[in-house]
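*Asks:* 3D model of this:
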Amino acid sequence: MKQYKFDIKNKYEKIKTHINDAKFDFTEFREFNMHVFGYKRPWEKLFSHNSIKFVKRLLIPQTNLMLSYFHDEYGEKSNYLIYIDFGKYKQTKNYILFHDLELDILIKKDFSFEILDMDELFDSYENSKISNEEIKKILLTLEKTINNFSNKGVMETLYEIAGEEPIDWLTNNYL
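*Replies:* Reported below is the predicted structural model:
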């Protein structure tokens, strides 16, 4: 499982995984409101995805979602619009911690979407890395999000989750 630490005061992201332990400085930081934060940073090779130029993320601590946009003109992520990570947040005055709980939704540029890593979510649950309460919350959020995608549309749902200004900022290189 991945852990992200976002230092709001010093403007950096630290990612810790089973493969990486890396720190990246923000090139842009936005506080859209007291519940939605955005930042941009250059891409640096971690394990793969060498064609990505930069990543933008929306942190939404009152939810269990982190939204990312990867600017990739020709690589495997070039068809991605938004990548949604499910996890849990812990927030202090200067830091936002995000613990990725494996489940993801990939929204493509044609607004179709895929649910990813359901098997990893259940493996983590079976190995007691995710609690009963956490898996219930994740699955309820997944169900609500997918139902809203179907009933309201992908963009309207994203606007409801994070707000129109943050989503437009996140996707401004595409839309």
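*Asks:* contacts and neighbour counts: CA atoms only from here.
*Replies:* OK.
*Asks:* okay, now the sheet partners of the longest strand along the chain, with direction.
*Replies:* Counting residues, the longest strand in the chain under DSSP state E turns out to be strand 95-108. Using DSSP bridges, the strands paired with strand 95-108 are strand 3-7 (antiparallel), strand 80-91 (antiparallel), strand 113-116 (antiparallel).
*Asks:* with mean pLDDT and mean neighbour count added, can I get these in a markdown table?
*Replies:* Converted to a markdown table, these look like this (pLDDT from 0 to 100; neighbours: other Cα atoms under 10 Å):
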| stretch | mean pLDDT | mean neighbour count |
| --- | --- | --- |
| strand 3-7 | 95 | 20 |
| strand 80-91 | 94 | 21 |
| strand 113-116 | 95 | 15 |
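*Asks:* closest one to Phe70 among those strands?
*Replies:* Taking Cα to Cα, strand 80-91 is the member of those nearest to Phe70, at 7.3 Å.
*Asks:* got the contact list for that closest one?
*Replies:* 61-70, 96-109, 111, 138, 171, 174 (Cα atoms under 8 Å, 6 or more residues apart in numbering).
*Asks:* could you export that strand as PDB, CA atoms only?
*Replies:* In PDB, the C-alpha atoms belonging to strand 80-91 read as follows (Å, rounded to 0.1, in the frame of the first residue of the first chain):
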ATOM      1  CA  TYR A  80      -6.300   8.900 -18.800                       C
ATOM      2  CA  LEU A  81      -8.300  11.900 -17.700                       C
ATOM      3  CA  ILE A  82      -8.500  11.400 -14.000                       C
ATOM      4  CA  TYR A  83      -7.300   8.600 -11.700                       C
ATOM      5  CA  ILE A  84      -9.200   8.300  -8.500                       C
ATOM      6  CA  ASP A  85      -7.500   6.700  -5.500                       C
ATOM      7  CA  PHE A  86      -9.600   5.500  -2.600                       C
ATOM      8  CA  GLY A  87      -8.000   5.800   0.800                       C
ATOM      9  CA  LYS A  88      -8.100   7.500   4.200                       C
ATOM     10  CA  TYR A  89      -6.800  10.900   5.200                       C
ATOM     11  CA  LYS A  90      -5.300  12.300   8.300                       C
ATOM     12  CA  GLN A  91      -4.900  16.100   8.400                       C
END
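*Asks:* how distant is that strand from the center of its chain?
*Replies:* Relative to its chain's centre, strand 80-91 lies at 3 Å (Cα atoms, centre = their mean, to the nearest Å).
*Asks:* next one: stretch 90-101
*Replies:* Put simply, stretch 90-101 sits 13 Å off its chain's centre (Cα atoms, centre = their mean).
*Asks:* what residues of that stretch count as buried?
*Replies:* 95-101 (16 or more other Cα atoms under 10 Å).
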